[in-house]
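Novice: coords please:
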Amino acid sequence: MMRKWLPFLAMAVALSDRALAAPGGTGGGMAVIFNLLVFLGAIACLVISLRVFILVKGGALARGWQMLIVSFVTLAAGQVFILAEKIGLFALGFDVPGLLYLATVALWFAGLMQTRKVLE
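Specialist: The predicted structure is shown next:
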């Protein structure tokens, strides 16, 4: 189990060193590691959501799971923008990731409400 995480941890350490050395980098190494873990969690949730969506096969629950899938995509995209800014690839204000996070929460809410409506 630990061997699966070693490449990700090595990449997180490399990114944190780069973020500390980058002239335009903001935040420390721990912030980069945290954002990387959130990104990996979003990808894991996306994979699980896709598997569940395939299982429901266009049934009544499919629309709610579609919204959850899109929400995990927006969360991952927001994390990519944050990570790119922290390691100094490009400068981006808080507006784009903030709007993506807002869309993520709105899609989570809509997906859960859709699922609740179907299950009632």
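Novice: Leu99 versus Leu37, what's the distance?
Specialist: 22 Å (Cβ to Cβ, to the nearest Å). Just so you know, the C-beta spots here come from the backbone N, C-alpha and C atoms, and that holds for glycine as well.
Novice: tell me the centre residue of this structure?
Specialist: Geometric centre of the chain, nearest residue: Ala76, 2.7 Å, by Cα atoms, centre = their mean.
Novice: By residue count, which helix of this structure is the longest?
Specialist: Of all segments of type helix in the chain, defined using DSSP state H, the longest is helix 29-56.
Novice: tell me how far that one is from the chain's mean position?
Specialist: Mean C-alpha position of helix 29-56 versus that of the full chain (Cα atoms, centre = their mean, to the nearest Å) differs by 6 Å.
Novice: can you check stretch 82-91 too?
Specialist: Distance, centroid of stretch 82-91 to centroid of chain: 15 Å (Cα atoms, centre = their mean).
Novice: Start and end of that stretch, how far apart?
Specialist: 9 Å (Cα to Cα, to the nearest Å).
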